[in-house]
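Asker: the following block contains a protein sequence and its predicted model.
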Amino acid sequence: MSLCEDFLEYLGAERNKSDNTIRNYAYALSQFEGFFESLGEEITWTTVRSDVVREWVIYLIDERHLSKSTVNLFLSALRTFYHYLKGIGVVTLNPMQRIEGPKKEKTLPVFVRETEMDELLDGTFPDTFRGHLDKAVLSVLYMTGIRKSEILALRDNDVDFISKQIKVTGKGDKQRLIPFGPELEVCLREYMASRNETVSAGVERLFVNERGRSMGSELLADIVRMYLSKVTTLSKKSPHVLRHSFATALLNNRADLVSIQKLLGHANLHTTEIYTHLSFEELKSEYANAHPRNKE
């Protein structure tokens, strides 16, 4: 077996990598092998130098016009391969040691404007179980900013109507408490009453479908996509967009960044700081549209 074949077998047997990951790694290695063989310098896997890897990166970007994300994926495969070769003693020097991939551009998260969310939540929902479910789901996502996985995991006893707070279990099983106001309280009470009449009490999760089974990610995505399509032209219409909308609304209404960080469950304040840039983008847009000297 070749070094590459040994490595790919190791990925499956020892590292439990998926078939898709193994295929991607195999493709990346074949691309690099083809490149260094084309240089005509009798280079092998064990004699590759860092400058050859850097040449490859330039070739991938300038000649192949691959995205920075794809180039970084290729480099990740190469790093793992050389870490493996060094571990089994085939190479002593790792050519990937000082190789850095191209930096990805940071994209600002998209969000729905407050006026659009007001139009949506102040609108009329059907007085049916599904109508109450849809409104409750949209309201919880927009008024608490919780993640998709977090709303799907909610149980009845996570909602404390006395203290007006929801207990959320986030990444790494870390729990946080999110307060809620009278509007969300009414919405949740109406939904739970409708749910208990329709599918009986004692269900496993807070949010369920018409058959009483826990709401899945597909139904959640469908609800959000259907209703956001009524008020926004954003191409992306997902539960995470409502999380961004929650954070942006708080920032635009003068909530401090540390409070937003705690509500979102971010471990690092730098993650939350992206919303300051997002808010500035909206400010620039408002200025461009509103200032009389910007009119054509």
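Answerer: Yep, it's here.
Asker: how about low-confidence regions in the stretch 51-200 of the chain?
Answerer: The stretch 51-200 of the chain contains residues with pLDDT under 70 at 105-107, 200.
Asker: what comes up buried for stretch 76-95?
Answerer: 77-82, 84-85, 91, 95 (16 or more other Cβ atoms under 10 Å). Bear in mind the C-beta positions are built from the backbone N, C-alpha and C, glycine included.
Asker: what about that stretch, start to end distance?
Answerer: Its first and final residues considered, stretch 76-95 spans 13 Å by Cα to Cα, to the nearest Å.
Asker: which other residues reach that stretch?
Answerer: Stretch 76-95 is contacted from outside by 3-4, 7, 10-11, 24-25, 28-29, 32, 45-46, 48-50, 52-53, 96, 99, 101, using Cβ atoms under 8 Å, 6 or more residues apart in numbering.
Asker: among these, which lie within helices?
Answerer: Here DSSP state H is the test, and the contacts of stretch 76-95 give 3-4, 7, 10-11, 24-25, 28-29, 32, 50, 52-53 as lying in helices.
Asker: format those residues as CSV; extra columns: distance to P239.
Answerer: As requested, the ones in helices among the contacts of stretch 76-95 are exported to CSV (distance: Cβ to Cβ, whole Å):
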residue, distance to P239
L3, 44
C4, 40
F7, 38
Y10, 38
L11, 33
N24, 28
Y25, 31
A28, 32
L29, 37
F32, 38
S50, 43
V52, 44
V53, 39
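Asker: so which of these is the closest to V137?
Answerer: Comparing those against V137 with Cβ to Cβ picks out N24 as the nearest, at 35.1 Å.
Asker: roughly how far does that closest one sit from E204?
Answerer: Distance, N24 to E204, by Cβ to Cβ, to the nearest Å: 37 Å.
Asker: what does R15 give?
Answerer: From R15 to E204 the distance is 35 Å (Cβ to Cβ).
Asker: may I ask which helix or strand encompasses the residue minimising distance to the centre of the chain?
Answerer: The centroid of the chain falls nearest to H240 when counting by Cα atoms, centre = their mean (7.0 Å). In this assignment (DSSP states H and E), H240 forms part of helix 239-252.
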